[in-house]
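# Quick one: sequence and predicted model below, then my questions.
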Amino acid sequence: MNAMQERTKAAMLAAGRGVVVSVASLVGSITLFVWTVLSIVFIVLGIGLVTTPYVLELVRKHANRRRLLAVTWSDIRIPVPYRPFPKDLRTGFTGQVERTTLMLKDPATWRDIRWLLVDMTAGYVVATLAAALLIYPLEGLVLAAGLWRVFTDDRYWYGFVPVDSQATGLAAAALGAALFATGVLVSERLLRLHFVIARAMLAPTQKEELVRRIDRLTETRHEAVDTAASELRRIERDLHDGAQARLVAMGMNLGTVEALIEKDPAQAKKLLAMARESSAEALTELRDLVRGIHPPVLAERGLGDAVRALALRLPFESEVDAELGGRMDAAVESAAYFAVSETLTNAAKHSGADRVRVDIHHENSALRISVTDNGRGGARVGSGSGLSGIERRLGTFDGIMAVSSPAGGPTMVTMEIPCELS
Amino acid sequence: MRVVLAEDLFLLRDGLVRLLEAYDFEIAAAVESGPELARAFAESEPDVAIVDVRLPPSHTDEGLQCALAARRAKPGLPVLVLSQHVEQLYARELLADGNGGIGYLLKDRVFDAGQFVDAVRRVAAGGTAMDPQVISQLLSRRSQDKPMGMLTPRELEVMELMAQGRSNAAIASQMVITERAVAKHTSNIFGKLGLPPSDDDNRRVLAVLAYLDRG
């Protein structure tokens, strides 16, 4: 009995959702389809060049809302396939024209438009059916209860039942009950079918996904190569101006010591002391350099302790919660470490925070890191900020980053890198 | 005094052996890997061990782990840990048992043979030898502290040297003041930080280190 009740409840819920979706399909999709067609036609007159991006943007929002409903209501994931705009898009009228061209060249746009057509027809019918099977039976009941009297002269069709008497009214109620029972069984599935149709229309083809993947890989590979090259240049410069120069000076000093040791022991002793100082300084510089290339604690203990050691060197209070069952790839470990390090440096520099919390754990084949500070917020991933550097670094490993930083704080940076533990 | 030495780089190991022998230490064992070190701890019964943090075969913190394990088996076993870099994280782990007889120094400190040998002897006698870098990191983190703000620059200097594990006599000669003056400074420091006074040099150092590392 309980199972039955649950079932009915779920079906009623699906019916309610069916109403929402069918309204969106009928009103939203038809309106947007008409606007889109008009806007594209008006490109000939010039007006369309300005309006099209706005209209298509609305269409995308409309489609994205349906994607969201699909995943929350029926657990159907529909990927978002729109091509991003290039960063150097011009402003004003030319920018708008450029935007129009780019959007019209995006196959996802045409898929959207095709989906609008299907959504206002098949999509609408399916969603309405999901709702009607549970709502229409109410009328059957009302007819049986007495509404049939109104129709004694002029028969009323309830479904295929002509209602004009108590008997036919009861037949209508029976039909309603049968419809209701069917609705309980199929409503959820109909709603699901609606989203399946949407997915079939909206999801990118495999070929498009591959193209997108290749674009992404090309981009991240360029960035990885650039980063590696500039790192090497930096290391070369540091060694050249630092340790290497000091060793040269040291060798020179020692040569002079050799010459002076008998003639002027006091001077020789002074030079020896200088040579020793130089060697200590060279060591300090090398140590800092090594820390910048690959921190020793990271090599010795792994990510968790390396971040703990890093936090101990911060000028503010910190809490590190790292639960990792093993080590990951050295490259991933290093990328994650420097991402955290950069985030913490950023927090120290800009946030004015006096507490920070780092959370590191591994689940569902991904490393998840969050860094939260109690500073003033307002951090953005923008041009030239440290945060976009981190995003680039993580991109090489298909990692992603999200920043939540409302004005007034707190700031929370979350990162996720797919990887396995060993 | 019997010393067990673990260092994987031949040149450094050889140099250390020569240095220690020149200062009349007896080298009970000079090994180059973690497993060998564990065996040396078990068999040689050293008075003090000098251990590199990173050792083969894993090239992780094998030396450190081995030393910590030996100290768990035999509390207070004097160990001087050497490394190319110092980390507060490791210092904290070494000091955690509160037993003393612990040293943690950068390898560079070997350059000053006199001071290095002094540190080895101090650790062997149950004292502490913390690298100045560890201490200055700790101090810079606590510089915003209220009680620390009440210390005079002179007292801070004494505190820094004390935290490294130096005795009053050593601090006096380094700062070119009398031992009495050092004693006065230390009792002021303990008063201002609210630490219980203690005559025992080692307890005193550990108390200061614990204070610096708190929170």
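Yep, it's here.

# and the helix or strand in which residue A:307 is found, is it in reach of chain B?
Assigned by DSSP states H and E, residue A:307 falls within helix A:303-312. Yes: Helix A:303-312 is in contact with chain B by Cβ under 8 Å from any Cβ of the partner chain, via A:305, A:308, A:309, A:312. From N, CA and C alone the C-beta is placed, and that goes for glycine too.

# now those in JSON lines, with pLDDT?
As requested, the residues of helix A:303-312 next to chain B are arranged in JSON lines below (pLDDT from 0 to 100):
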{"residue": "A:305", "pLDDT": "93"}
{"residue": "A:308", "pLDDT": "93"}
{"residue": "A:309", "pLDDT": "92"}
{"residue": "A:312", "pLDDT": "87"}
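
# just these now: which is nearest residue A:168?
For these, the closest approach to residue A:168 (Cβ to Cβ) belongs to residue A:308, at 80.0 Å.

# pretty sure residue A:357 contacts residue A:344?
No: using Cβ atoms under 8 Å, residue A:357 is not in contact with residue A:344; the gap is 10.9 Å.

# Pick out whichever of those two has more residues nearby.
residue A:344 (23 against 17; other Cβ atoms under 10 Å in any protein chain shown).

# Now do the contacts for that one.
Contacts for residue A:344 (Cβ atoms under 8 Å, 6 or more residues apart in numbering or on different chains) come out as A:310, A:311, A:314, A:318, A:356, A:358, A:371.

# and if we set it to 7 Å?
By Cβ atoms under 7 Å, 6 or more residues apart in numbering or on different chains, residue A:344 lies in contact with A:310, A:314, A:356, A:371.

# And those residues, which is closest to residue A:128?
After measuring these against residue A:128 - Cβ to Cβ - the closest member comes out as residue A:371, at 48.3 Å.

# okay, the angle between the helix or strand the closest one falls within and helix A:303-312?
Element membership of residue A:371 [criterion: DSSP H and E] is strand A:366-373. Following axes from the mean of the first three to the mean of the last three Cα atoms, to 10 degrees, one obtains 10 degrees for the angle between strand A:366-373 and helix A:303-312.

# Direction included, what does strand A:366-373 pair up with?
strand A:355-363 (antiparallel), strand A:411-418 (antiparallel) (DSSP bridges).

# Would you mark the buried spots in the longest one?
Of the residues in strand A:355-363, those buried by neighbour count under the rule 16 or more other Cβ atoms under 10 Å in any protein chain shown are A:356, A:357, A:358, A:359, A:360, A:362.

# can you check stretch A:98-105 too?
A:98, A:99, A:100, A:102, A:103.

# quick one: the strand or helix carrying residue A:236 to chain centroid distance?
Using DSSP H and E, residue A:236 maps to helix A:206-241. Centroid separation between helix A:206-241 and its chain, computed with Cα atoms, centre = their mean, to the nearest Å, is 21 Å.

# What's the mean pLDDT across it?
For helix A:206-241, mean pLDDT is 89.

# cool, stretch A:373-386 as well?
Mean predicted confidence for stretch A:373-386 is 78.

# Please export the C-alpha coordinates of that stretch as CSV.
C-alpha atoms of stretch A:373-386 as CSV (Å, rounded to 0.1, in the frame of the first residue of the first chain):
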residue,chain,number,x,y,z
ASP,A,373,40.2,32.6,3.7
ASN,A,374,38.3,35.0,5.9
GLY,A,375,39.5,38.1,4.0
ARG,A,376,37.7,40.9,2.3
GLY,A,377,36.7,38.9,-0.9
GLY,A,378,36.3,40.4,-4.3
ALA,A,379,38.9,38.0,-5.9
ARG,A,380,38.4,37.5,-9.6
VAL,A,381,39.9,35.2,-12.2
GLY,A,382,40.9,37.9,-14.6
SER,A,383,43.6,39.0,-16.9
GLY,A,384,47.0,38.9,-15.2
SER,A,385,45.8,37.8,-11.8
GLY,A,386,47.5,34.9,-10.1
